[in-house]
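*Asks:* Sequence plus predicted model, see below.
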Amino acid sequence: MSSLLEVSGVSVSFDGFRAINNLSFAIGPAELRAVIGPNGAGKTTFMDIVTGKTRPHEGRVLWGDPPVSLLKMTEAQIARAGVGRKFQRPTVFEDQTVDENLTMALKAPRNPFAVLRWRRAQADADRVAALAVEVGLGDQLPRKAGELSHGQKQWLEIGMLLAQEPRLLLVDEPAAGMTLAEREHTTRLLVDLAKTRAVVVVEHDMEFVRRLNCKVTVLHEGSVLAEGSLDHVTKNPAVIDVYLGRG
Amino acid sequence: MTRAFLMRNPSVLWFLLALSLFTLAVTLLSEAGMGVLSTSFVKTLGKTLCLCLVALAMDLIWGYAGILSLGHMAFFALGGYLIGMWLMYARTEEIVVAALSSGPLPATPDEIRQGIATQIFGVVGASDMPAIWAQAHSLPAQLALVLIVPGALAGIFGWLAFRSRVTGVYLSILTQAMTLALALYLFQNDSGLRGNNGLSGLQNIPGLDGVPQETVSLWFFWASALALGLAYVVLSHVVSGKFGSVIRAIRDDEARVRFLGYSVEGYKLFVFTLTAMIAAVAGALYYPQAGIINPAELAPIASIYLAVWVAIGGRGRLYGAVIGAAFVSLLSSWFTGGRAPSVNLGFYTVNWVDWWLVLLGLSFVLVTLYAPKGLSGLIDAAQGLRVPDRKGAALGPDDGALMEQEGRE
Ligand SMILES: Nc1ncnc2c1ncn2[C@@H]1O[C@H](COP(=O)(O)OP(=O)(O)OP(=O)(O)O)[C@@H](O)[C@H]1O
Ligand SMILES: [Mg+2]
């Protein structure tokens, strides 16, 4: 099986501290993967590398088929290539309405000239409305994002991610600040999405990971400690030692 | 203009209505009409409209895109220089041709050209036409250059600055440095633009000898009003659509915009260049009404004033910029024109010519601290709009992001 994203031998250090150490990771075009690991394991930094925010000192990051290197591309180019990201803290544009936030994320040409000429077609309006309903913000379209609750902002950001129609979704702790019912909704959504695209979910909550029912990658001190089913990795003594044993 | 657009932007109709009424009133009261307003005052009002136009550009780049450029008055002055070159050349040409026609032989084109060069550049001790005046004989060419030269300068400067991701205070300082460098260059006698003499006699429009200044001043007033009205409609359209959404997003949180796939640098460059060109058009309309331009017009302080006008009017809304520029610049010419009565405090007489800048500086500080929405806060209050309660948090993580009190619920 050819992979959509292939990270190999990547290392990053911040002022001499190795946050990512010879990390390798691969995911297929329609696959769900959970990434777990203790605080400071390098999960967010891993996403920073894939999305172009942080440049690794060594290693390769290959994308698509035929493979192209993401390391030479800017953040915006990587996003346009089909990598979407949800941040650990919800980041939406607070001074703009839910509608504007979703419209901006909607898959469409991104250059200034095209955006200047862009007119909202009925199809766009329908898509925005449908996305808003999907993330439970159907009646909130005209509200400013800054007025939403923390959970609603999480959902709005997920909606923006869906609007981009990425081929790879990187989702950093989506369930933080959500109620139990919302977590279940999120789980269903992510499992559903992974039928047609690659989804990487970082999460601390083991119950949540169990419900995702997918392959798990355990990170520790910037490299992969174990990989396999949740039951498989939770039996691994090294994993129990660094992560589960402490909880 | 579609109805939906006007529904979303009610300020456009109000603005156009106010501008038309104002234009009509000034026309009727001018010396061509009832004669209540002097020609020089009509010129002042026409110039004020041009300042409102450049303030619109400033609001787009700072209020909407969050880039505090302190160099846009340089583009404004460049526009003035470029149109001034044609005005001065064509006007001198008329004079030289008339003078040479009294000679025994008809003058050759070379002699005419030489005569013009001597006339224009005699003050700086030169008699050759500098290369940059190559197109000065042609009005269409100079008009095109009004857009091309400032656009190219902004494009190159912006490309260098934005590509290396210079933001915030550092970018503002860079734009000031650009302005200063340009001014210092123009001060030199061999810059080809007559050094500190600048260009003068710009109020005399070539070919319009028979038309009195009271009429010409009205024409320029109308042209300025038209340009302002047009720019207001077009920019309202730009900022109310998806483009406006993207640049406001860049203002509040540019890193996030990148992850949506928008090239932040490309947008900044686009807005910087576009606003430089708008500023240049405003300058090209301003200086024929002012009559003279010299390098002092490019002083870095001019661009700082521009930011002060927009801040006092209220950034991030187009009418705010217009109100701020009109209000502050008219007040400023009233105070500095010696017409404001001095205040006698008994022990000290406040002479406004000296104290106006202090007053302006103080109002700027007060507005920034206590009423960040500026004068347009009054309009919001009249409409019953409230400020969101964000416990002091700004609307985004970036330097240029709107502050809590600038937001609207
Ligand atoms: N920009 C940076 N400068 C310096 N150190 C950094 C930087 N970014 C991350 N680090 C360090 O790298 C390590 C990995 O951080 P990272 O945020 O990737 O962890 P994480 O696995 O996402 O943790 P958490 O579960 O708390 O979100 C941490 O020790 C962190 O302090
Ligand atoms: Mg993290």
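*Replies:* Here it is on my side, so go on. Ligands and ions are numbered 1, 2, ... in the order given.

*Asks:* Chain neighbours aside, what residue packs nearest to the residue most central in space within chain B?
*Replies:* Ranked by distance to the mean C-alpha position of chain B (Cα atoms, centre = their mean), the top residue is residue B:54 at 3.0 Å. In this structure, residue B:54 finds its nearest non-sequential neighbour in residue B:282, 4.2 Å apart by Cβ to Cβ, 6 or more residues apart in numbering or on different chains. C-beta: built from backbone N, CA, C; applies to glycine.

*Asks:* returning to what we had before: now do the contacts for the residue nearest to the centre of chain B.
*Replies:* Going by Cβ atoms under 8 Å, 6 or more residues apart in numbering or on different chains, residue B:54 touches B:72, B:73, B:76, B:278, B:279, B:282, B:283, B:306, B:325.

*Asks:* To what extent is the first one buried, counted in neighbours?
*Replies:* For residue B:72, the tally of surrounding residues (other Cβ atoms under 10 Å in any protein chain shown) stands at 30.

*Asks:* Tell me the one among the contacts of residue B:54 nearest to residue B:160.
*Replies:* Distance to residue B:160, by Cβ to Cβ, is smallest for residue B:72 among the contacts of residue B:54, at 17.2 Å.

*Asks:* residues contacting the closest one?
*Replies:* Counting by Cβ under 8 Å, 6+ apart, residue B:72 makes contact with B:54, B:57, B:58, B:61, B:175, B:275, B:276, B:279, B:303, B:306.

*Asks:* 10 Å - rerun?
*Replies:* Applying Cβ atoms under 10 Å, 6 or more residues apart in numbering or on different chains to residue B:72 gives the contacts B:54-55, B:57-58, B:61-62, B:150, B:154, B:175, B:179, B:272, B:275-276, B:278-280, B:282-283, B:302-303, B:306-307.

*Asks:* could you pull out the strands for chain B?
*Replies:* Remark: strands assigned in chain B by DSSP state E are B:199-200, B:292-293, B:343-344, B:349-350.

*Asks:* Tell me which of the ones you listed sits nearest to chain A.
*Replies:* The closest of those to chain A is strand B:292-293. By Cβ to the nearest Cβ, the value is 32.0 Å.

*Asks:* right, so the strands of chain B: which one is the most enclosed?
*Replies:* Mean neighbour count, computed with mean count of other Cβ atoms under 10 Å in any protein chain shown, is highest for strand B:292-293 among the strands of chain B, reaching a mean of 21.

*Asks:* Pull up the pairing partners for it, direction included.
*Replies:* Counting by DSSP bridges, the strands paired with strand B:292-293 are strand B:199-200 (antiparallel).

*Asks:* Check what pLDDT residue A:220 gets.
*Replies:* Residue A:220 is assigned 92 on the pLDDT scale.

*Asks:* Now do the phi/psi pair for it.
*Replies:* Note on residue A:220: backbone dihedrals following degrees, to the nearest 10 are phi -150, psi 130.

*Asks:* chain center to stretch B:151-161: distance?
*Replies:* Relative to its parent chain, stretch B:151-161 has a centroid offset of 18 Å by Cα atoms, centre = their mean, to the nearest Å.

*Asks:* re earlier: can you tell me which of the contacts of residue B:54 are in helices?
*Replies:* Among the contacts of residue B:54, the members found in helices (DSSP state H) are B:72, B:73, B:76, B:278, B:279, B:282, B:283, B:306, B:325.

*Asks:* Verify the contact between residue A:96 and residue A:144 for me.
*Replies:* Yes - Residue A:96 lies in contact with residue A:144 (Cβ atoms under 10 Å); the separation is 6.8 Å.

*Asks:* Now for residue A:194, how many residues are close by?
*Replies:* The tally of other residues near residue A:194 (other Cβ under 10 Å) stands at 21.

*Asks:* how near is it to chain B?
*Replies:* Distance of residue A:194 to chain B, computed by Cβ to the nearest Cβ, to the nearest Å: 20 Å.

*Asks:* which residue sits closest to residue A:225, ignoring its sequence neighbours?
*Replies:* In this structure, residue A:225 finds its nearest non-sequential neighbour in residue A:218, 4.5 Å apart by Cβ to Cβ, 6+ apart.

*Asks:* So that neighbour belongs to a strand, correct?
*Replies:* Yes - using DSSP: H, G, I helix; E, B strand; the rest coil, the assignment for residue A:218 is a strand.

*Asks:* before we move on, the earlier item: what residues do residue A:96 and residue A:144 have in common as contacts?
*Replies:* With Cβ under 10 Å, 6+ apart as the test, residue A:96 and residue A:144 both reach residue B:395.

*Asks:* residue contacts, the residue nearest the centre of chain A?
*Replies:* Centroid-nearest residue in chain A, with Cα atoms, centre = their mean: residue A:170, separated by 1.7 Å. Applying Cβ under 10 Å, 6+ apart, we find residue A:170 in contact with A:5, A:35, A:44, A:46-48, A:50-51, A:83-87, A:161, A:198-202, B:259.

*Asks:* Count the neighbours of the residue in chain A positioned nearest to ligand 2 for me.
*Replies:* Ligand 2 sits closest to residue A:44 of chain A, with a gap of 3.1 Å, by Cβ to the ion. Neighbouring residues of residue A:44 were enumerated by other Cβ under 10 Å; the total is 18.

*Asks:* Now it. Its backbone dihedrals?
*Replies:* With angles defined as degrees, to the nearest 10, residue A:44 sits at phi -70, psi -40.

*Asks:* what about the closest residue to residue A:212 other than its chain neighbours, is that helix, strand or coil?
*Replies:* Spatially, and ignoring its direct neighbours in sequence, residue A:212 is nearest to residue A:34 (5.4 Å; Cβ to Cβ, 6+ apart). Secondary structure state of residue A:34, per three-state DSSP, is strand.

*Asks:* Wait, residue A:34 touches residue A:210, no?
*Replies:* Yes - applying Cβ under 10 Å, one finds residue A:34 in contact with residue A:210, separated by 9.3 Å.

*Asks:* So if I had to pick from those two, which one is more boxed in?
*Replies:* Neighbours were counted for residue A:34 and for residue A:210 using other Cβ under 10 Å; residue A:34 has more, 24 against 15.

*Asks:* State the pLDDT value of the more buried one.
*Replies:* We have a pLDDT of 96 for residue A:34.

*Asks:* list the contacts for it?
*Replies:* When contacts are counted by Cβ under 10 Å, 6+ apart, residue A:34 touches A:171, A:190, A:199-203, A:206, A:208-210, A:212-218, A:230, A:233.

*Asks:* Using PyMOL, define a selection of the buried residues within the residues you listed.
*Replies:* Only the buried members of these end up in this PyMOL selection, burial being decided by 16 or more other Cβ atoms under 10 Å in any protein chain shown:
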select buried, chain A and resi 171+190+199+200+201+202+203+206+208+209+212+214+215+216+217+218+230+233
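
*Asks:* Tell me how far the residue sitting furthest away from the middle of chain A lies from residue B:242.
*Replies:* Within chain A, the residue lying farthest from the chain centre (Cα atoms, centre = their mean) is residue A:117, at 30.3 Å. Residue A:117 sits 10 Å away from residue B:242, going by Cβ to Cβ, to the nearest Å.

*Asks:* How about residue B:113?
*Replies:* Noted for residue B:113: a distance of 51 Å to residue B:242, by Cβ to Cβ.

*Asks:* ok, which stretches of chain A are helices?
*Replies:* Secondary structure of chain A (DSSP H): helices located at A:43-50, A:75-81, A:98-105, A:112-117, A:122-134, A:150-163, A:180-193, A:206-212, A:230-235, A:237-239.

*Asks:* In the stretch 301-409 of chain B, what residue lies closest to chain A?
*Replies:* Relative to chain A, the nearest point of the stretch 301-409 of chain B is residue B:395 (4.2 Å; Cβ to the nearest Cβ).
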